[in-house]
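Visitor: sharing a model that was predicted from the sequence below.
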Amino acid sequence: RCLLLSRTSLPDEVVTVLGEQYPKDAKTNITSSILSKVSRKLHLQPSHPIGILRSLIEAHYPSFTALSNFSPVVTPAMNFDDLSFPLDHPGRSLTDSYYINAHRMLRTHTSAHEVETFAKGIRQWLLTADVYRRDEIDGSHYPVFHQMEGARIFSHDPSGIRELEEDNARLAARLAKANIVIEDIPHVTATNPAQPSHDPRHAELVALNLKLSLNSLILDIFGGRANAGEGEPLRVRWIEAYFPFTSPSFEVEVMFGGKWLEILGCGVVLQSTLDKAKVPNSIGWAFGLGLERIAMILYSIPDIRLFWSEDPRFLSQFTPGQIKTFKPFSKYPACYKDVSFWLPDQAMHENDFCDLVRDAAGDFVEDVKLVDAFTHPKTKRNSQCFRINYRSMDRSLSNDEANALHAQVVSRLKNVCVYLLVR
Ligand code: FA5
Ligand code: MG
């Protein structure tokens, strides 16, 4: 499967990422369309919605150190092992992550920098970055998006406990006065336990601080904006979650447009992460926010591909420090094309197909759906039919243009797998 992709994308023996050359090997599966995104750094652009949102959140945490210039190239150890991901975790697979080679990958989350940041001795910090995941294609999923990691650690000593209690009292008082409805869950339960090395009451104080701190951030950025109805309270709900590197763990959803939207994952940092960073005598929390998800809600941006647009009709609508509703430019018509083919013997992951399509047709691809699968009763061979929706964000695609894009996809399919018959 990975051979299939490296043959489509990069003819050379090396991959160049941000000016650095890396030798290719059997794990290389990064595509040229992904490589072209690495230098964009949307989070560093002061007038881009992702950059504006970063500044707004950084302003909410004035005493936190703000970091935003870490290379997306990390080791699998940083992305997974240091964070206690089990060896068989699906995130490690070639179908889920972009590998430059066996020793380097594009980070799949900002948590990849937790150990090095804690190791610098910084005790409260925010870290914003582009992250990369092989994923399905639709209006809210894109293989590159942005996360902001936030973390804070407290001393184990009575001074740390006092700091927690004072901060919790201050935050709770602020939230009590706000027009916000929070569906909470217990901080620690049998299925979402405190860590064995923690005093459960201490872990509860930390989890409470995490929740209050995030509820207060959400109130700041969504308050009065997320809900259509005037005077309607902002609705937030906490959900028990699982991450290999936190316990207890949570996800947070915000009600927007009548639907719950997951905006972040968080939890009490696993003690082994702090041990790896050589931080003694401390306990703390971390969160990872999805910036596109939040920006889509705040600005009413209808399609995640728009963040990558260089069209002035998109970019000129945003002003640093301000959140205004985005005015979509007229929606151009979609053009659906189907492709069906016999699968190679070793099968093909849907994400491999999505990458092939995206590499051939770029941001003209709005979404890709598997619409039919068939097993031949005699030969037992499998075939699949995918429906690709082509649409341009800035003009009307002619049927001829859509056909030309589709022909590219079909020719790539034939190219990469010579024995793959297009039906
Ligand atoms: C993580 O990435 C964890 N690193 C978060 C974390 C940090 C947990 C620190 C504990 C401590 P997750 O895969 O759920 O978790 O992603 C976090 C957020 O990123 C999601 O809530 C969502 O808002 C956003 N996100 C995830 N996948 C996508 C995607 N494909 N497109 C856009 N946003 C996404
Ligand atoms: Mg999640």
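Guide: Okay, I see it. Numbers count the residues shown, from 1 in each chain. Ligands and ions are numbered 1, 2, ... in the order given.
Visitor: so after the lowest-mean-pLDDT helix or strand in the chain, what's the next helix or strand?
Guide: Here the helix or strand of the chain ranked lowest by mean pLDDT, DSSP states H and E is helix 2-9, holding a mean of 40. Once the chain leaves helix 2-9, the next helix or strand it forms, by DSSP states H and E, is strand 14-17.
Visitor: burial count for Ile182?
Guide: 18 (other C-beta atoms under 10 Å). C-beta: built from backbone N, CA, C; applies to glycine.
Visitor: ignore what I typed, I meant His60.
Guide: 17.
Visitor: can I assume it is in contact with Leu219?
Guide: No. At 9.7 Å, His60 does not count as touching Leu219 under the criterion of C-beta atoms under 8 Å.
Visitor: what about the stretch 151-300 of the chain, any weak spots by pLDDT?
Guide: Applying pLDDT under 70 to the stretch 151-300 of the chain flags residues 224-230.
Visitor: can you give me the helices in it?
Guide: 158-176, 200-222, 271-276, 291-299 (DSSP state H, counting those that start in this stretch).
Visitor: in a markdown table: those helices, plus distance to ligand 1.
Guide: Below are these laid out as a markdown table (distance: least, C-beta to the nearest ligand atom, whole Å):
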| stretch | distance to ligand 1 |
| --- | --- |
| helix 158-176 | 18 |
| helix 200-222 | 9 |
| helix 271-276 | 10 |
| helix 291-299 | 4 |
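Visitor: which among those helices is found nearest to Phe118?
Guide: Evaluated over those, closeness to Phe118 peaks at helix 271-276, with 6.2 Å, by C-beta to C-beta.
Visitor: export the helices of the stretch 151-300 of the chain to CSV and tack on mean neighbour count?
Guide: Listed next are these as CSV, based on neighbours: other C-beta atoms under 10 Å:
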stretch, mean neighbour count
helix 158-176, 14
helix 200-222, 20
helix 271-276, 17
helix 291-299, 22
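Visitor: make TSV out of those and add distance to Arg395.
Guide: Shown next, in TSV, are the helices of the stretch 151-300 of the chain (distance: least, C-beta to C-beta, whole Å):
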stretch	distance to Arg395
helix 158-176	47
helix 200-222	33
helix 271-276	48
helix 291-299	22
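Visitor: looking at those helices, which is closest to Asp138?
Guide: helix 291-299 (12.7 Å).
Visitor: pull up the residues of the stretch 51-200 of the chain that are close to ligand 1.
Guide: 109, 111, 133, 135, 141-142, 145, 147, 149 (C-beta under 6 Å from any ligand atom).
Visitor: and of these, the nearest to Pro200?
Guide: Ser111 (24.1 Å).
Visitor: hang on, the closest one is in a helix, isn't it?
Guide: Yes. Under DSSP: H, G, I helix; E, B strand; the rest coil, Ser111 sits within a helix.
Visitor: start to end distance for stretch 184-197?
Guide: Start and end residues of stretch 184-197 are separated by 25 Å (C-alpha to C-alpha, to the nearest Å).
Visitor: which parts of that stretch are buried?
Guide: 187-188, 192, 194-195 (16 or more other C-beta atoms under 10 Å).
Visitor: ditto for stretch 13-21
Guide: Buried residues in stretch 13-21 (16+ other C-beta under 10 Å): 15, 17.
Visitor: check what contacts it and list those residues.
Guide: 22-24, 28, 30, 35, 38-39, 71-73, 100-101 (C-beta atoms under 8 Å, 6 or more residues apart in numbering).
Visitor: now that stretch: average pLDDT?
Guide: Averaging pLDDT along stretch 13-21 gives 95.
Visitor: so how far does that stretch reach from one end to the other?
Guide: Termini of stretch 13-21 sit 10 Å apart (C-alpha to C-alpha).
Visitor: Phe341 bridge partners, please.
Guide: Per DSSP bridges, the residues bridged to Phe341 are Gln384, Val422.
Visitor: wait, isn't it in contact with Ser383?
Guide: Yes. In this structure, Phe341 is within contact of Ser383 by C-beta under 8 Å, at 6.4 Å.
Visitor: contacting residues for the closest residue to ligand 1 within the chain?
Guide: Of all residues in the chain, Gly290 sits closest to ligand 1, at 2.2 Å by C-beta to the nearest ligand atom. Residues in contact with Gly290, defined by C-beta under 8 Å, 6+ apart, are 145-147, 262-264.
Visitor: for it, give its distance to Ile263.
Guide: 6 Å (C-beta to C-beta, to the nearest Å).
Visitor: same deal with Lys177?
Guide: Taken as C-beta to C-beta, the span from Lys177 to Ile263 is 23 Å.
Visitor: more neighbours, those two?
Guide: Ile263 (22 against 7).
Visitor: contacting residues for that one?
Guide: 218, 252-254, 289-290, 293-294, 297.
Visitor: same thing but at 6 Å, please
Guide: Shown in contact with Ile263 (C-beta atoms under 6 Å, 6 or more residues apart in numbering): 252, 254, 290, 293-294.
Visitor: can you check Ala334 too?
Guide: 389, 391.
Visitor: ok, now with 8 Å
Guide: 366, 389-391.
Visitor: in helices, which of those fall?
Guide: If you go by DSSP state H, those have nothing in helices.
Visitor: most remote residue from the middle of the protein, which is it?
Guide: Lys378 (43.0 Å; C-alpha atoms, centre = their mean).
Visitor: give me the element it is part of.
Guide: Using DSSP H and E, no helix or strand contains Lys378.
Visitor: residues touching it, list them.
Guide: No contacts exist for Lys378 under C-beta under 8 Å, 6+ apart.
Visitor: re earlier: between the contacts of Ala334, which is nearest His406?
Guide: When the contacts of Ala334 are compared against His406 (criterion: C-beta to C-beta), the nearest one is Tyr390, at 7.2 Å.
Visitor: thought that closest one was touching Ala361?
Guide: Yes. Counting by C-beta under 8 Å, Tyr390 does reach Ala361; the two are 6.7 Å apart.
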